[in-house]
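S.K.: show me how the following folds:
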Amino acid sequence: MRILLSSAIVLAAAFPAFADETKGEIQAFDRFARIIVMKDKTVWQLAADTPAPEGLKAGDVIKIEYKTLGEDGLDKITSVEIVAQN
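M.R.: Below is the predicted model:
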C-alpha cells in the first residue's frame with residue numbers, strides 16, 4: 001500500500017497542473033475584436049467561446065483564468081471575472 005501511495009505522489013509531482021490565473025486593471029477592452037489590454041500592457045485575446053462579463057470596461061479589475069501548454073505558452077482563457085468595477 002505504501003508503494004502505491006508513494007508512486008501516486010511521485011506521479012502527481014511529475015505532472016504539474018497547467019492552469020493559472022492573473023489579476024489586473026483593464027486599460028482598454030475591444031468588445032468586437034475581443035481583446036483585453038491590461039494596465040501593465042499585457043494583451044489577452046478572448047476566444048469566441050469564452051464569455052466576457054457584461055459591462056466589462058477600462059478601469060475594472062479582473063481575474064483571468066487560463067490554461068497553458070507548459071513551456072509552449074498559452075492554450076486558452078477559460079474565464080474572465082470582474083473583481084472590482086471602476
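
S.K.: which residues of the protein score low on pLDDT?
M.R.: 1-18 (pLDDT under 70).

S.K.: helices along that one, start to end?
M.R.: 2-14 (DSSP state H).

S.K.: what segments of it are strands?
M.R.: 19-30, 35-38, 43-45, 61-68, 74-84 (DSSP state E).

S.K.: contacting residues for the residue lying closest to Ala28 once chain neighbours are set aside?
M.R.: Distances taken as CB to CB, 6 or more residues apart in numbering place Val37 nearest to Ala28, at 4.4 Å, with adjacent residues excluded. Just so you know, the C-beta spots here come from the backbone N, C-alpha and C atoms, and that holds for glycine as well. Residues near Val37 by CB atoms under 8 Å, 6 or more residues apart in numbering: Ile26, Gln27, Ala28, Phe29, Val43, Trp44.

S.K.: same question for Val80.
M.R.: Taking CB under 8 Å, 6+ apart, one finds Ile36, Leu46, Thr50, Pro51, Ala52, Pro53, Leu56, Ile62, Lys63, Ile64, Glu65 in contact with Val80.

S.K.: swap in Lys57?
M.R.: So Lys57 contacts Ile26, Phe29, Asn86 (CB under 8 Å, 6+ apart).

S.K.: report the beta-bridge partners for the first one.
M.R.: Beta-bridge partners for Ile26, by DSSP bridges, are Met38.

S.K.: run a quick neighbour tally on it.
M.R.: 20 (other CB atoms under 10 Å).

S.K.: of the contacts of Val80, grab the buried ones for ChimeraX.
M.R.: This is how ChimeraX selects the buried members of the contacts of Val80, with burial counted by 16 or more other CB atoms under 10 Å:
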select :36,46,50,56,62,64
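
S.K.: okay if I get the contacts of Val80 as CSV plus distance to Thr78?
M.R.: Formatted as CSV, the contacts of Val80 follow (distance: CB to CB, whole Å):
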residue, distance to Thr78
Ile36, 14
Leu46, 11
Thr50, 7
Pro51, 11
Ala52, 13
Pro53, 14
Leu56, 16
Ile62, 13
Lys63, 11
Ile64, 9
Glu65, 5
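
S.K.: what is the nearest of the contacts of Val80 to Glu21?
M.R.: Glu65 (4.6 Å; CB to CB).
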